[in-house]
Structure formats: structure tokens, C-alpha cells
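Chemist: below: sequence and its predicted model.
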Amino acid sequence: MSTPFYVSPQQQMADRAEYARKGIARGRSLVVLQYADGIVFVGENPSRALHKFSEIYDRIGFAAAGKYNEYENLRIGGVRYADLRGYTYDRGDVTARGLANVYAQTLGTIFSSVGEKPYEVELVVAEVGETTEQDQIYRLPHDGSIVDEHGAVAVGGNAEQISGYLDQHHRDGMTLAEALKLAVQSLSRDTNGSEREIPAERLEVAVLDRTRPQKRKFKRITGRQLARLLEADGAQSEAESSEDTE
């Protein structure tokens, strides 16, 4: 009788983690940044129908990188959780931290289960507060751990390089146009350090805007509004440059 092939639990977990990381890295990167009036989500996405960013509840947004069918299932589950909790208790009881805990339990269970493959996804759950200090951003890797982020975060693709660039250039109190420009600059940097141009029509942009009078703070930025923001920031930069040379 042949001896069963033995793989240590540590090696199994390492192999599953490597499998998930490679799958996530094949997807396009996205970034989530705080700005003066809220939180902006920016990603390169040529599809107009398959969104990387979505609204979960009044003040909560969702971003994901990796396999679309897997993170879409998670998004739908998050919406159901938020709706049920808000209806059963109170709308204020639906929080990004509570949602992140639910996602962490789901991802952690799937990752540690031998019977199914790990999800090839990395999530960001963000909640806009009344002030910048009350904003919450949580990053959830494939293994279900929760990372409390501040300022800016990148996931998917070459997220490590993009995160380094954001750490150097992001600052508090940025306008939406400034934050958008920084996000596009970070996404356009290739792994070898060179920059490429990402046209506006290939960008997916959404915000959680604390200044909106509605309860629902999530909105998408597309078309002319997106073009104006990109052009306005360029015009502002040119104006500042001309002032510096005078």
C-alpha cells in the first residue's frame, strides 16, 4: 500500500495564499483616497457595465480587485446584510466596521477551508463621516484579515508600488480634483517606473461626498463632470506654475 502524500498545514496555507495573490495581481489596480469633502474611488476599468465600485449603504462604499464573479457575490451579500440590519435596528447601526467584520469572517472561512479554493479578491470598505477624522477605510486581503487604512490605499495589480507613490504624495485637505489627479498618476505608473496615459473613458470614478444633502453619499463621476475635474486640475496646476515663475 502506498504512503499518503503529506503536506504540512503551514505549507498548505502558504500555497493557498500564493494562489490567491497571483490571481489578484492579474487584475487592474484601484486606489481609494481621502480628500477634503469625502473619499474618492479611482480605478482603470474599460467596462461600462462591470463595476469595481459600488454603494453598500447610505455612507458606505465598496471597492474590489480580483475575480469579478467572486467579489460581486460578496458585494451582494454585503448589501443584504446592510439592508437587513438597517431595517431590523436602525440605519445608524450599519457601519463599515461591522460590514468589514462580516466580510472578514466570510473570506477567512473560505481561505481556511480545504474543500474549496480561496477567493482571488481584495476588498476595500469605506465609510464617510461628518469630518475627515471620522472617515473609515478598511482593506481586506484574501485571507480575511482586516487592515485599518488612513489617507490612501491601493489594491490589485502592482498595489505595492502604487501604495509607495501614494504615501509620498498624498496629503490631508486635498480637493477632489487634486485627489483625482494623484490617483490617476499613481495608476499610470508601470512596474518599471515609467508612466503611461490613461484616457478618461477608461477610468471608473466614484465618491462618498459628505457635503451631499441626501442620506446616500455615494455617487459616480462620469462623462463631462469627470472631464471637467481632470481639466480643472490641469488648469490649476498650470496657473500655479505660472505664478511660481513670476
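Modeler: Happy to help now that I have it.
Chemist: can we go C-alpha only for contacts and neighbour counts from here?
Modeler: Fine.
Chemist: in the protein, which helix or strand is least confident?
Modeler: helix 223-245 (a mean of 61; mean pLDDT, DSSP states H and E).
Chemist: identify the residue nearest Leu99 in space, chain neighbours excluded?
Modeler: Nearest residue to Leu99, sequence neighbours excluded (CA to CA, 6 or more residues apart in numbering): Gly78, at 6.8 Å.
Chemist: go ahead and confirm Lys117 touches Ile110.
Modeler: Yes: the pair Lys117 / Ile110 is scored as a contact, 7.4 Å apart, by CA atoms under 8 Å.
Chemist: compare the two (neighbour count), which wins?
Modeler: For Lys117 versus Ile110, the count of surrounding residues by other CA atoms under 10 Å is larger for Ile110: 18 against 13.
Chemist: which residues in this structure form strands?
Modeler: 30-35, 38-44, 53-57, 60-66, 121-127, 136-140, 147-149, 152-155, 203-209, 218-221 (DSSP state E).
Chemist: now those strands in TSV, with mean pLDDT?
Modeler: As requested, these are exported to TSV (pLDDT from 0 to 100):
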stretch	mean pLDDT
strand 30-35	96
strand 38-44	96
strand 53-57	97
strand 60-66	96
strand 121-127	97
strand 136-140	97
strand 147-149	96
strand 152-155	96
strand 203-209	97
strand 218-221	96
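Chemist: make CSV out of the ones you listed and add distance to Ser188 and mean neighbour count.
Modeler: What follows is those, written out as CSV (distance: least, CA to CA, whole Å; neighbours: other CA atoms under 10 Å):
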stretch, distance to Ser188, mean neighbour count
strand 30-35, 11, 28
strand 38-44, 9, 26
strand 53-57, 19, 23
strand 60-66, 17, 26
strand 121-127, 20, 27
strand 136-140, 22, 23
strand 147-149, 22, 14
strand 152-155, 13, 26
strand 203-209, 11, 24
strand 218-221, 19, 20
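Chemist: those strands: which one's closest to Tyr6?
Modeler: strand 121-127 (28.2 Å; CA to CA).
Chemist: what helices or strands is the closest one leaning on?
Modeler: Contact here means 3 or more CA pairs under 8 Å, 6 or more residues apart in numbering; DSSP states H and E; on that basis strand 121-127 packs against helix 9-25, strand 60-66, helix 68-88, helix 96-112, strand 136-140.
Chemist: so what strands line up beside the second one?
Modeler: In the sheet containing strand 60-66, its partner strands are strand 53-57 (antiparallel), strand 121-127 (antiparallel), by DSSP bridges.
Chemist: can you tell me which of those comes nearest to Glu201?
Modeler: From the strands paired with strand 60-66, taking CA to CA, the stretch that ends up closest is strand 53-57, at 15.8 Å.
Chemist: nearest to Phe218, out of the strands paired with strand 60-66?
Modeler: strand 53-57 (6.0 Å).
Chemist: quick one: Thr222 from Gly115, how far?
Modeler: Using CA to CA, to the nearest Å, we find Thr222 at a distance of 42 Å from Gly115.
Chemist: the two: who's more crowded?
Modeler: Neighbours were counted for Thr222 and for Gly115 using other CA under 10 Å; Thr222 has more, 15 against 8.
Chemist: now render the helices and strands packed on strand 121-127 as a markdown table, adding distance to Glu197.
Modeler: Shown next, in a markdown table, are the helices and strands packed on strand 121-127 (distance: least, CA to CA, whole Å):
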| stretch | distance to Glu197 |
| --- | --- |
| helix 9-25 | 20 |
| strand 60-66 | 21 |
| helix 68-88 | 25 |
| helix 96-112 | 33 |
| strand 136-140 | 27 |
